[in-house]
Each structure stands twice: as C-alpha cells, then as structure tokens.
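Colleague: Got a predicted structure plus its sequence, pasted below:
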Amino acid sequence: MKTFYRYPGIAIVMLVAAAVLFAGCTSDTSQTPGGQAAPATIPGTGAVPGSASLPYGVSLTVPADWTREDVLTSDVRDYGTRTIRIAQFTSPVTIPGDAASQNTLSVDLDQNPGGDFEVYFNQATLALEKSYGTRLDAHSIVKSSTLQISGFKSYEVDFQTAEVKGSYIFTSTDKGMYIFVFKGPYKQVPVQALQLEIVGICKSIQITPSDK
C-alpha cells in the first residue's frame, strides 16, 4: 500500500509501539456476532465488558462503565467525508476532577465510499492532516499496516497533536466503509487508559452489513 503525504512541514514517523498495539486489533472471526443492546448507561468498573448491538449490522464489546449514545446523524467528519454516525461511546473521566479527560469511540458508516480503498484512505489521511495540521508541529501521524476487522480488510491511521490523540480504523465492506474512531486528550493518563481498552474492543467488533 502506497502512502501519499502532501504536507512537507509535518513530521511523519512510523512507531513500532503503534504497530504492535494495532496488530492486536485483528478480529477473531470465530466470535458470534450480535448480542443484546447495551443500555445508555451501565454501572461498573470497566473490568466487566458490555455487549452492544448497533444499527447497520455492527456489534462490539466496550467496558461496562462507558456510556452509549445512538446518534444516527449525517455530517462531514474530520477525515473529510460525510458519514452516518451510528453511535458514540464515552468513557468515564480518567483523571478525577478533569471533565475533559474522557475517551470516546465513534462508529461511522459511509454508504457510498467509491471503489478504490487505497484512494479513499489516503484522502482521509490528508483530510486529517488538514484538520489538525496547524497544531501538529513536531508531533506525528502514524500509518500502520493492513488490519483485519471482522474478516474485512481494514487500514488504520494513528495521530497525535499537543491536545488530541486519535486512532482511526477504516473497514471496507460491500455495503460501505465503516470507520471506528478512538479519540481522547493527549495526556498520559487518558492515553494509557485507552490503550488498555482499544485492542479488546477491536477484537470484539463484528460486522454483518445490512440496510439498517
């Protein structure tokens, strides 16, 4: 897969840690899709998983103390494409007293992505550079190797700025492009908290594309 970057002022680096982290995102396709829809808020400590069945044929498992919002609205995202936001999950605060220390997972769907996955992904990467470029400075955008999510070919881009850390996974299916967006503040505690959860969430994702 070729990588195209058109912003020479941005330092692009490959991080071994990111590659190791997202190698664990390869989905176990032996899992059975489905499961009962999670309520809007589930009490817990984060150690007990909560299974969520979403519209458009997606199921996944998140920590039980994350909250769920079914969004189902269409908008242009920071990766430059208009998509349906199927749902968003939000963690509790990771730093006591810091309301901005929450991590999020958004699940999006582009029903008309076009036929060339590499072109789509590179355009999304460039759009992220444009969205966050004025704040990247010496921070990095990392592009990983190909992943498998629920048996589907997927690409991942990981970036960080002085304020935000995000990991975007693009999964191509015959019913559209599913985008899983992990994002949180670029602070040590939230970043570590998200890294503890992200591999398990990725492995749990099951996609059975449907009309809705």
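Modeller: Arrived safely.
Colleague: show me where the protein has strands.
Modeller: 49-54, 58-63, 67-76, 82-90, 104-110, 141-143, 147-149, 152-160, 164-173, 176-185, 206-207 (DSSP state E).
Colleague: closest to Ala127 out of those?
Modeller: strand 67-76 (9.4 Å; C-beta to C-beta). C-beta here means a position set from N, CA and C on the backbone, and glycine is covered the same way.
Colleague: Report the buried residues of the closest one.
Modeller: Thr67, Arg68, Val71 (16 or more other C-beta atoms under 10 Å).
Colleague: residues touching the last one, list them.
Modeller: This points to Val71. Arg85, Ile86, Ala87, Gln88 (C-beta atoms under 8 Å, 6 or more residues apart in numbering).
Colleague: now it: how far from Asn122?
Modeller: Plainly put, Val71 is 27 Å away from Asn122 if you go by C-beta to C-beta, to the nearest Å.
Colleague: same deal with the second one?
Modeller: Counting by C-beta to C-beta, the gap between Arg68 and Asn122 amounts to 32 Å.
Colleague: Can you check the pLDDT for Tyr79?
Modeller: Looking at Tyr79, its pLDDT is 94.
Colleague: coming back round to it: can you tell me which of the buried residues of strand 67-76 lies nearest to Tyr155?
Modeller: Val71 (23.4 Å).
Colleague: what stretches of this protein score poorly on pLDDT?
Modeller: 1-49, 134-145, 210-212 (pLDDT under 70).
Colleague: So for Val93, what's the nearest residue that isn't a sequence neighbour?
Modeller: Leaving aside its sequence neighbours, Val93 sits nearest to Ser101 (C-beta to C-beta, 6 or more residues apart in numbering; 4.9 Å).
Colleague: isn't that neighbour right up against Gln188?
Modeller: No. Contact criterion C-beta atoms under 8 Å: Ser101 and Gln188 do not qualify, at 10.4 Å.
Colleague: of the two, who's got more company?
Modeller: Higher neighbour count among Ser101 and Gln188: Ser101, with 18 against 10, using other C-beta atoms under 10 Å.
Colleague: Check the gap between Thr171 and Glu156 for me.
Modeller: On the measure of C-beta to C-beta, Thr171 and Glu156 end up 10 Å apart.
Colleague: ok, the residue lying closest to Tyr186 once chain neighbours are set aside - how many residues close by?
Modeller: Spatial nearest neighbour of Tyr186, chain neighbours left out: Lys165 (4.5 Å); criterion: C-beta to C-beta, 6+ apart. Neighbour count of Lys165, defined by other C-beta under 10 Å: 20.
Colleague: Fine, thanks again, bye for now.
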